[in-house]
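Student: Here is my input, please return the structure:
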Amino acid sequence: MLVKTFGSALCGVDALTITIEVSVGGGSKYYVVGLPDNAVKESLFRVESAIRISGFHMPRQKILVNLAPADIRKEGSAYDLPIAIGILAASGQINADELADYMIMGELSLDGGLQSIAGALPIVIQARKEGYKGFILPKQNAREAAIVNNIDVFGMETLSDVINFFSHKEKPEPLKIDTRKAFFDEVNDVEQDFADVRGQENIKRALEIAAAGGHNVILIGPPGAGKTMLAKRLPSILPPLTLQEALESTKIYSVAGKLAVSSSLLAERPFRAPHHTISDVALVGGGAHPSPGEISLAHNGVLFLDELPEFKRTVLEVMRQPLEDRKVNISRAKFSVDYPANFMLVASMNPCPCGFFNHPEKECICAPGVVQKYLSKVSGPLLDRIDLHVEVTPVNFSELSSSAKAESSKAIRERVIKAKVLQHQRFKVHEGLYANAQMNSAMVRNVCEIDETGKNLIKQAMEKLSLSARAYDRILKVARTIADLASSETIEMEHLAEAINYRSLDRENWAG
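Tutor: Residues are numbered from 1 along each chain as shown. Below is the predicted model:
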């Protein structure tokens, strides 16, 4: 007898429906075909044990399992459950009438328990798109899948529960989640707040500008000046995630298998801070079985690289294209996948190996030329993609011991949101463009018009401060964001002056 069940394979952050065809007939061997990997081939051992412990028997006949389409590689253990149900239906032990209405995925333990799977969210989205009545999966993934409406989601604990479902012995109610309520109840929760930071008003201002315009930023300063502490609070002043952004980010975390059991939609903007020993593949994604990297996990959020010069040169260079394209393409011999990577890069670094170059009190002990060599570990093309270079100085005792309450993240976020609204109106005719930092050179000329006085100011700055030519467009973009924060239609002199101040590393001989 031939029976079909339905599962899914992940392709990037999307899913593709897989038909599991099970035939039980004359013979005595088990076969799994359709380009399965080792985890899929081993499934029959888990399936046999789970079926036996659930009170049924494994047919002692030839069992042929075909995973169609056969030219797509099938990976992982999530096909255990649809294979087990297919075998039971094909051998006449359970009713097969409703199998075509449901997508089924889950890994089986030897005792018949169901283990969690990766990618439940994109799978259920694809199931709804193709008109399936419901999705049966492990209970651990049920909340994640239940955020998708117009499809019934059943979280099961064991193979026996699934058998009872199709045998009409026990049919639980589908899990229902009020997606909007669950999302908006948590969307404004922030753990870190700028109100806890004493002093560093100029750094807070720079991060406010970065958040408002989507600009990448690098913080340069001595150890203990607060670079990491300030960077960790950046997500608290970014605009709250929209429902669409939350869905995009949750899909990535779902595919990567990084969603907590109790999670449904991500409500906070991601903040990823990989260690400087990270590899190229771990940062941008890929591997033998491609999975999202840190830059994709930071999609719609912040990627923080602490101690930037300590990262391997090759790791930093592979970020250059994703920073421009806001996506990363992973290509292999037989397939290619795209992962979104629209993130804000925030980096921090010491100005020299000892950390005290340009320190107001402590003396730098680095030898001549060492500072420049240290800074040169970060390439010019990468710095070219960072709009704001901010020098961080230590906080003095009077500011540190002050009892005055600092401005809260909520107040700063309100100004950032107002500036974002202006940018959305400005770029509404340009698909995929949402922030000043994303403008190309042609748009900069149109959007960031300045008068002759402004041009003279930039000219003088480039000559006196020895700014590089690449700084010109960056200055105009940042000045446009500063003007947006001030609700100004035009870029004024003070906006340009402030923007020029954020180009420290473009100054020739900055490191002596």
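Student: switch to C-alpha atoms for all contacts and neighbour counts from now on
Tutor: Noted.
Student: so what's residue 186 scoring on pLDDT?
Tutor: Among the per-residue scores, residue 186 shows a pLDDT of 66.
Student: which regions of the stretch 101-250 of the chain sit below the pLDDT cut-off?
Tutor: Within the stretch 101-250 of the chain, the ranges that satisfy pLDDT under 70 run 182, 185-190.
Student: let's go with 90 and repeat that
Tutor: Low-confidence regions of the stretch 101-250 of the chain, defined by pLDDT under 90, span residues 147, 149, 167-172, 176-202, 221-227, 240-246.
Student: now the strands for it?
Tutor: Secondary structure of the stretch 101-250 of the chain (DSSP state E, counting those that start in this stretch): strands located at 102-104, 107-108, 114-115, 134-138, 152-156, 217-220.
Student: Would you mind reformatting those (as a markdown table) and adding columns for mean neighbour count and distance to residue 421 while you're at it?
Tutor: Shown next, in a markdown table, are the strands of the stretch 101-250 of the chain (neighbours: other Cα atoms under 10 Å; distance: least, Cα to Cα, whole Å):
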| stretch | mean neighbour count | distance to residue 421 |
| --- | --- | --- |
| strand 102-104 | 24 | 41 |
| strand 107-108 | 25 | 46 |
| strand 114-115 | 22 | 44 |
| strand 134-138 | 25 | 39 |
| strand 152-156 | 24 | 37 |
| strand 217-220 | 26 | 21 |
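Student: Select, out of those, the one closest to residue 462.
Tutor: Comparison of the strands of the stretch 101-250 of the chain against residue 462 by Cα to Cα identifies strand 217-220 as nearest, at 20.2 Å.
Student: partners of that closest one in the sheet?
Tutor: According to DSSP bridges, strand 217-220 has the following sheet partners: strand 344-349 (parallel), strand 388-391 (parallel).
Student: And residue 43, how far from residue 112?
Tutor: In this view, residue 43 and residue 112 are 12 Å apart by Cα to Cα, to the nearest Å.
Student: now residue 16
Tutor: Taking Cα to Cα, one finds residue 16 at 26 Å from residue 112.
Student: who has more neighbours, the two?
Tutor: Set side by side, residue 16 and residue 112 show more neighbours around residue 112, with 23 against 16, by other Cα atoms under 10 Å.
Student: With adjacent residues omitted, what lies nearest to that one?
Tutor: Spatially, and ignoring its direct neighbours in sequence, residue 112 is nearest to residue 50 (4.1 Å; Cα to Cα, 6 or more residues apart in numbering).
Student: In what element of secondary structure is the one you found found?
Tutor: When elements are assigned from DSSP states H and E, residue 50 belongs to helix 43-53.
Student: follow-up on the earlier one: quick one: closest of the strands paired with strand 217-220 to residue 311.
Tutor: Per Cα to Cα, nearest to residue 311 of the strands paired with strand 217-220: strand 344-349, 10.7 Å.
Student: Tell me the helix or strand right after that closest one.
Tutor: Sequence-wise, the next helix or strand downstream of strand 344-349 (DSSP H and E) is helix 370-375.
Student: what mean pLDDT does that following helix have?
Tutor: Per-residue scores along helix 370-375 average to 84.
Student: now the helix or strand just after it: mean pLDDT?
Tutor: Later in the chain than helix 370-375, the nearest helix or strand by DSSP H and E is helix 380-383. Looking at helix 380-383 alone, the average pLDDT works out to 82.
Student: buried stuff in helix 380-383?
Tutor: Neighbour-count burial for helix 380-383 flags residue 383 (criterion: 16 or more other Cα atoms under 10 Å).
Student: Isn't residue 259 up against residue 249?
Tutor: No: taking contact to mean Cα atoms under 8 Å, the distance of 10.6 Å between residue 259 and residue 249 leaves them out of contact.
Student: More neighbours: the two, which one.
Tutor: Set residue 259 next to residue 249 and count neighbours by other Cα under 10 Å: residue 249 wins out with 26 against 20.
Student: which residues touch that one?
Tutor: Residues near residue 249 by Cα atoms under 8 Å, 6 or more residues apart in numbering: 266, 297, 299, 300.
Student: cool, and residue 236?
Tutor: Contacts of residue 236 (Cα under 8 Å, 6+ apart): 190, 191, 192, 193, 409, 410, 413.
Student: Could you turn the buried ones of the residues you listed into a PyMOL selection?
Tutor: To isolate the buried members of the contacts of residue 236 in PyMOL, using 16+ other Cα under 10 Å:
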select buried, resi 192+193+409+410+413
